[in-house]
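**Q** Let me see the structure of the following:
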Amino acid sequence: MSLKKVNTAIFPIAGMGTRFLPATKSIPKEILTLVDKPLIQYAVEEAREAGIEDFIFVTSRGKGALEDFFDVNQPLERALRAAGKTELLATLEATNIDSGHVAYVRQHEALGLGHAVWCARRLVGDRPFAVILPDDMVVSDRPCLAQMMEAHAEVGGSIIATMEVAPEKASSYGILDIESRQGALVRPRGIVEKPKAGTAPSNMAVIGRYILGPRVMRHLDRRTVGAGGEIQLTDAIAHELATHPGSVHGFRFSGERFDCGSKAGFLQATVSLALQRADLRDEFAAFLEAIGDQHGIHRAPRLKVAAAS
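**A** Below you'll find the predicted structure:
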């Protein structure tokens, strides 16, 4: 099977982040930090580890700080170099994206995820591409998108990350109508965006990682309005399934997913990442245990791990 390499990723980040006000009054939500690293940097690093070379950010008014973040800060680099702070210099340089490999596209109206992806159509061209939603943070030994790239190399077409959710949560997601399962891969016959309570065809939900073939972008050209009065990416994927059966697979990734679009999920991700840091783990774990005893909390709830069987 001859497959085009996936080397471009789209990051839809035009949202205003109103759930994090007042912090997001003047700072893009994607710049808020998990421990000591902005949310968007985790997404970019995941893309790089999966072989992505070109980065397209779909933004809106007020995202200038994000553009500056990925630019070179020459005065700061010179100061760190002169001070011999080589580790900090390396940390800083890791945030840079080389000229010619980054583009920013404005989404002027909040018309849905599908519309945000469609805004990047001229830059993507007739090539497969990845879509990463930074709000969906996946903590895993092997980055989620890298796992998906391996599956894409085997089956081609489009790959969408999926995980099991509680039935009462299904109405918040795109849900797969499953035809068959084979290991980590799920073959859907359809996909439903935010089904009404009790009508979901399964409990396999789509999260914010996609590898999409160029036909999906052409389906978005139809500008079909779906759930919530928005142009839904899941509708374009559903049309791809209807017109080219077998061209889309769900992928049950290995790792723990946090919804960093919510305050609770953001805090949970921060705790999980901090406990993985050798320089923070012991002191932070002791603090959590002490504060748990102080408030009578002996067992904190955990998010489910979406692991391939």
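**Q** which SS class is residue 131?
**A** Secondary structure assignment for residue 131 (DSSP: H, G, I helix; E, B strand; the rest coil): strand.
**Q** just checking, it touches residue 212?
**A** Yes - applying Cβ atoms under 8 Å as the test, residue 131 and residue 212 come out as touching, 6.5 Å apart. In this view, the C-beta of every residue, glycine as well, is placed from N, C-alpha and C.
**Q** more crowded one of those two?
**A** Neighbour totals were compared for residue 131 and residue 212, and residue 212 leads with 26 against 23 (other Cβ atoms under 10 Å).
**Q** So in terms of bridging, what pairs with the residue lying closest to that one once chain neighbours are set aside?
**A** In space, residue 212 comes closest to residue 158 once its chain neighbours are excluded; the distance is 4.9 Å by Cβ to Cβ, 6 or more residues apart in numbering. When bridges are called by DSSP bridges, residue 158 pairs up with residue 248.
**Q** any idea how far residue 158 lies from residue 210?
**A** Residue 158 sits 7 Å away from residue 210, going by Cβ to Cβ, to the nearest Å.
**Q** same check, this time on residue 47
**A** If you measure residue 47 against residue 210 using Cβ to Cβ, the figure is 12 Å.
**Q** list the residues that contact both of those two?
**A** Common neighbours of residue 47 and residue 210 are listed as 130, 132 (criterion: Cβ atoms under 8 Å, 6 or more residues apart in numbering).
**Q** So which of those two has more stuff around it?
**A** Neighbour totals were compared for residue 47 and residue 210, and residue 210 leads with 27 against 23 (other Cβ under 10 Å).
**Q** Tell me the spatial nearest neighbour of the more buried one, not counting adjacent residues.
**A** With sequence-adjacent residues excluded and distances taken as Cβ to Cβ, 6+ apart, residue 210 is closest to residue 131, at 4.1 Å.
**Q** Now do the contacts for that neighbour.
**A** Neighbour list for residue 131: 9, 10, 11, 12, 117, 208, 209, 210, 212, 233 [criterion: Cβ under 8 Å, 6+ apart].
**Q** Quick check: the first one touching residue 48?
**A** Same thing as residue 9. No - with contact defined as Cβ under 8 Å, residue 9 does not reach residue 48; the gap is 9.3 Å.
**Q** Hmm, residue 177 and residue 189 touching each other?
**A** Yes - contact status for residue 189 versus residue 177: in contact at 5.2 Å, counting by Cβ under 8 Å.
**Q** can you pull out the strands in this protein?
**A** Taking DSSP state E as the test, the strands found in the chain are 8-12, 33-34, 37-38, 54-59, 102-106, 129-132, 136-139, 158-164, 174-182, 185-193, 204-212, 248-252, 256-259.
**Q** In JSON lines, list the ones you listed along with distance to residue 285 and mean pLDDT.
**A** Formatted as JSON lines, the strands of the chain follow (distance: least, Cβ to Cβ, whole Å; pLDDT from 0 to 100):
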{"stretch": "strand 8-12", "distance to residue 285": "33", "mean pLDDT": "97"}
{"stretch": "strand 33-34", "distance to residue 285": "17", "mean pLDDT": "94"}
{"stretch": "strand 37-38", "distance to residue 285": "20", "mean pLDDT": "94"}
{"stretch": "strand 54-59", "distance to residue 285": "35", "mean pLDDT": "95"}
{"stretch": "strand 102-106", "distance to residue 285": "38", "mean pLDDT": "93"}
{"stretch": "strand 129-132", "distance to residue 285": "30", "mean pLDDT": "97"}
{"stretch": "strand 136-139", "distance to residue 285": "16", "mean pLDDT": "94"}
{"stretch": "strand 158-164", "distance to residue 285": "27", "mean pLDDT": "95"}
{"stretch": "strand 174-182", "distance to residue 285": "36", "mean pLDDT": "89"}
{"stretch": "strand 185-193", "distance to residue 285": "36", "mean pLDDT": "90"}
{"stretch": "strand 204-212", "distance to residue 285": "28", "mean pLDDT": "94"}
{"stretch": "strand 248-252", "distance to residue 285": "30", "mean pLDDT": "95"}
{"stretch": "strand 256-259", "distance to residue 285": "17", "mean pLDDT": "94"}
